[in-house]
Every structure is written in C-alpha cells, then in structure tokens.
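1. Structure for this input, please:
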Amino acid sequence: MQFQLQRRVERFLKKSRIPPTRFGRDAARDPRLVFDMRQGRRLRPDTARRLNAYLDAQEELPAE
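-> Sure, this is the predicted structure:
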C-alpha cells in the first residue's frame, strides 16, 4: 500500500510539475514529506488517507 501511494505521489509530481516541498506542505503540512518517503518513511494511516484525498481532489480539477 505504501509503495502504491508513493508511486502515485511521484506520478502526480511529474505530471503537475509541483515541487516536492510544496506538495508536502499543501497535502500534509510537511514540506519534507516526499523526501522522507523516498528515504523509507512509513506513513501513519491518517496521513496516507490525507494524501489520497488530496490527490483525488487534484485529479478532479480541470487541466490548466
């Protein structure tokens, strides 16, 4: 599950061209989140839910 979420985040970052620090700050109020995930950080269930909800909401927005 963690790996799937990390892949989803990485795909979103590449597609949206949003810096990892901004994503972490916007999605979870943690600018180091993506860097820590890349280093093996395990997410709490509530953090994973928050990230999935953020990604779901972003995917619903019309493309710019």
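2. Can you point out the buried residues in stretch 41-59?
-> Buried positions in stretch 41-59, judged by neighbour count with 16 or more other C-beta atoms under 10 Å: 43, 47-48, 51, 54-55. (Each C-beta comes from the backbone N, C-alpha and C, glycine too.)
3. Could I get the contacting residues of the residue nearest the centre of the chain?
-> Geometric centre of the chain, nearest residue: Val9, 4.2 Å, by C-alpha atoms, centre = their mean. Contact analysis of Val9 by C-beta atoms under 8 Å, 6 or more residues apart in numbering lists 23, 34, 37, 51, 55.
4. Equivalent analysis for Arg11, please.
-> If you count contacts by C-beta under 8 Å, 6+ apart, then Arg11 has nothing around it.
5. Which pLDDT value belongs to it?
-> pLDDT recorded at Arg11 is 97.
6. Just confirm Tyr54 contacts Ala27, I think it does.
-> Yes - contact criterion C-beta atoms under 8 Å: Tyr54 and Ala27 qualify, at 4.0 Å.
7. about what we covered before: restricted to helices, list the buried residues of stretch 41-59.
-> Among these, DSSP state H puts 47-48, 51, 54-55 in helices.
8. export these to a markdown table and tack on distance to Met1 and pLDDT?
-> Shown next, in a markdown table, are these (distance: C-beta to C-beta, whole Å; pLDDT from 0 to 100):
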| residue | distance to Met1 | pLDDT |
| --- | --- | --- |
| Thr47 | 12 | 96 |
| Ala48 | 7 | 97 |
| Leu51 | 11 | 97 |
| Tyr54 | 16 | 97 |
| Leu55 | 14 | 97 |
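9. With respect to Lys14, which of those is nearest?
-> Nearest to Lys14 out of these is Leu55 (C-beta to C-beta; 13.0 Å).
10. State the distance from that closest one to Arg38.
-> Noted for Leu55: a distance of 17 Å to Arg38, by C-beta to C-beta, to the nearest Å.
11. same check, this time on Arg25
-> 16 Å.
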